[in-house]
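A.B. asks: coordinates for the following, if possible.
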Amino acid sequence: MGLKSRRKGTRGELDLAHRLGGVRVPLSGAHGGAFAGDVRWRGLLVESKVRAEGFKELYRWLTGADLLGVRADGQPWLVIVPLSRFLELVGGEHGSTDRGTGEADRPGHG
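C.D. replies: Numbering: from 1, shown residues only. Now for the predicted structure:
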């Protein structure tokens, strides 16, 4: 992975940790064990992925909905939820808008 990609990933991890009220894992992605995952939040390990174009279809599917359920054949369900809605559901107080666009991070609700 190039330096530019690593920096983009680190920025994303720091942003997510801040919005959740969690902590970025030092050396995340570089080692396993105590350094596994990208963010620690409420005792949970959170993985962060940032892509320029890679998730456009997920955002499109989520437009007008509060949650998106996805599942590959033979795999368990995953639920995708905008961060602001997630924090409402878990009683969090961080997060608010999508830093990239300045719009609310609930597609179709901003």
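
A.B. asks: every contact and neighbour count from this point should use C-alpha atoms.
C.D. replies: OK.

A.B. asks: after the helix or strand where Y59 lies, next one along is what?
C.D. replies: Counting by DSSP states H and E, the element that carries Y59 is helix 56-62. Once helix 56-62 ends, the next helix or strand along the chain (criterion: DSSP H and E) is strand 68-70.

A.B. asks: what mean pLDDT does the following helix or strand past that next one get?
C.D. replies: Using DSSP H and E, the helix or strand that follows strand 68-70 in sequence is strand 78-80. For strand 78-80, the mean pLDDT works out to 95.

A.B. asks: can you check stretch 11-21 too?
C.D. replies: Here the average pLDDT along stretch 11-21 is 93.

A.B. asks: what of stretch 84-103?
C.D. replies: The predicted model gives stretch 84-103 an average pLDDT of 67.

A.B. asks: ok, T63 - how many residues close by?
C.D. replies: 15 (other CA atoms under 10 Å).

A.B. asks: what about it, distance to A52?
C.D. replies: Distance from T63 to A52, counting by CA to CA, to the nearest Å: 18 Å.

A.B. asks: with R24 instead?
C.D. replies: Distance, R24 to A52, using CA to CA: 21 Å.

A.B. asks: before we move on, what about G69?
C.D. replies: Applying CA to CA to G69 and A52 gives a distance of 22 Å.

A.B. asks: one more: R40?
C.D. replies: R40 is 24 Å from A52, where distance means CA to CA.

A.B. asks: out of these two, which sits in the more crowded spot?
C.D. replies: More crowded of R40 and A52, by other CA under 10 Å: R40, with 18 against 6.

A.B. asks: so in that sheet, which strands flank whichever strand or helix holds that one, and in what orientation?
C.D. replies: Secondary structure assignment for R40, by DSSP H and E: strand 39-41. Here strand 39-41 has these sheet partners by DSSP bridges: strand 23-24 (antiparallel), strand 44-46 (antiparallel).

A.B. asks: now that strand: how far from the chain's centre is it?
C.D. replies: Centroid separation for strand 39-41 versus its chain: 11 Å, with CA atoms, centre = their mean, to the nearest Å.
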